[in-house]
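S.K.: Pasting the sequence and the predicted coordinates here, then a few questions.
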Amino acid sequence: MLPADLPRPDFHIAAMGRSGSTMIANWLTVPPGQVVLVEPFLFALRNPDMVRVQLEGLGLAPSDAEWTHPDATWQDRFARLFAPRLAGRRWALKEVLASEHARVLEAFAPPRVVVTVRDLRDIAASFFEKHRIQDNLHRFDHQWVHDYCLREAAEMVALCDRLEREGTPWRAVRYEDFTASAAERQALANFVGWQAGGDVTRHLDRLNRGFEAERHGSGISATRRAWADRDLLPQERALAEAIAAESPAYQSRFGY
């Protein structure tokens, strides 16, 4: 558990990858008072480059010495690198791995949890496209997408069951509803108690995701891409359908 004198998040975004969680995190980020950290891996002892990109973009850049300083524990790292920058601000974080969600709940006990989801067919298809555009298929092949989707989908259902058992307020946010409905977006802002309207393209260009801003523009787009418009191979379309069929509990739980 985190020491009581260190800042705690207002909420945690427990996400499936490619469910729009970065868009939502950026939309809720309104500097300097509101900050959502995107995949900061708070329990690691290394500092991912994307964390430095975010801190620099928020005007909270660490020096080289701060960035490379070794820490004995994740608590030491949080107290040294993050706590001084988050003090006096409202903050939250989002992750895309069930293992991270569990650790956030245990260490930070966030008072609210936002669960971001999307039809698994579209999650898989989006992964295939992203990895091809980023020339990352050698790292994240079809088997990786299959295994990630099935594992995390099952864990997401289990997470919601846990939140209900423990009485933690939570809200499921479906990508399809968030992008299409201003009322849904306002309901999310009301749930977390924040004013929203941040730049949804924040950091994307520096995180090798500029293609998303080019595709959707600078705002929240309600346009859903037809399967015929996706850059997918026939076997990828078939695998996306198979992933959804192999995850009936997730698809049913979240209305797909």
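M.R.: Received it, and whenever you're ready, just let me know what you need. Every value quoted in this text rests on a predicted model; they were computed, and no experiment measured them.

S.K.: what are the phi and psi values for residue 16?
M.R.: Backbone geometry at residue 16, expressed as degrees, to the nearest 10, gives phi -80, psi 140.

S.K.: May I ask you to confirm that it is in contact with residue 122?
M.R.: No - with contact defined as CB atoms under 8 Å, residue 16 does not reach residue 122; the gap is 10.5 Å. Where you see a C-beta, it was placed from the backbone N, CA and C, and this is true even at glycine.

S.K.: quick one: which of these two has more around it?
M.R.: residue 16 (25 against 20; other CB atoms under 10 Å).

S.K.: Now do the contacts for that one.
M.R.: Counting by CB atoms under 8 Å, 6 or more residues apart in numbering, residue 16 makes contact with 96, 116, 117, 118, 123, 149, 152, 153, 156.

S.K.: export those residues to CSV and tack on neighbour count, distance to residue 180 and pLDDT?
M.R.: As requested, the contacts of residue 16 are arranged in CSV below (neighbours: other CB atoms under 10 Å; distance: CB to CB, whole Å; pLDDT from 0 to 100):
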residue, neighbour count, distance to residue 180, pLDDT
96, 20, 22, 97
116, 27, 15, 98
117, 28, 15, 98
118, 24, 12, 97
123, 27, 17, 96
149, 26, 23, 98
152, 25, 24, 98
153, 25, 22, 98
156, 25, 21, 98
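
S.K.: Out of those, the closest to residue 2 would be?
M.R.: residue 96 (21.4 Å; CB to CB).

S.K.: May I ask which helix or strand encompasses residue 231?
M.R.: Counting by DSSP states H and E, no helix or strand carries residue 231.

S.K.: Count residues in the vicinity of it, would you?
M.R.: 11.

S.K.: If you drop the residues flanking it in sequence, what lies closest to it?
M.R.: residue 129 (5.5 Å; CB to CB, 6 or more residues apart in numbering).

S.K.: cool, and residue 189?
M.R.: Closest residue to residue 189 apart from its sequence neighbours, by CB to CB, 6+ apart: residue 196 at 4.3 Å.

S.K.: Make sure that neighbour is actually in contact with residue 27.
M.R.: Yes - contact between residue 196 and residue 27 holds when scored by CB under 8 Å: they sit 5.4 Å apart.

S.K.: any shared contact partners between the two?
M.R.: With CB under 8 Å, 6+ apart as the test, residue 196 and residue 27 both reach residue 185.

S.K.: Pull the contacting residues for the residue nearest to residue 231.
M.R.: For residue 129, the contact set (CB under 8 Å, 6+ apart) comprises 230, 231, 232.

S.K.: distance of it from residue 137?
M.R.: To residue 137, residue 129 is 11 Å away according to CB to CB, to the nearest Å.

S.K.: Repeat that for residue 164.
M.R.: With CB to CB as the criterion, residue 164 and residue 137 are 38 Å apart.

S.K.: so is the residue nearest to residue 231 in a helix, a strand, or just coil?
M.R.: What DSSP: H, G, I helix; E, B strand; the rest coil gives for residue 129 is helix.

S.K.: Same check on the one 3 residues further on?
M.R.: Judged by three-state DSSP, the three-state class of residue 132 is helix.

S.K.: And the pLDDT at residue 81?
M.R.: Among the per-residue scores, residue 81 shows a pLDDT of 96.

S.K.: neighbours around it, how many?
M.R.: Counted with other CB under 10 Å, residues neighbouring residue 81 total 22.

S.K.: can you list the contacts of residue 129 in TSV and add distance to residue 243 and pLDDT?
M.R.: Formatted as TSV, the contacts of residue 129 follow (distance: CB to CB, whole Å; pLDDT from 0 to 100):
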residue	distance to residue 243	pLDDT
230	15	79
231	18	79
232	13	88
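
S.K.: Show me which helix runs longest in the chain.
M.R.: Under DSSP state H, the helix in the chain containing the largest number of residues is helix 142-166.

S.K.: Which secondary structure elements does that one sit against?
M.R.: Counting by 3 or more CB pairs under 8 Å, 6 or more residues apart in numbering; DSSP states H and E, the packing neighbours recorded for helix 142-166 are helix 98-108, strand 113-117, helix 120-133, strand 170-174, helix 234-245, helix 248-253.
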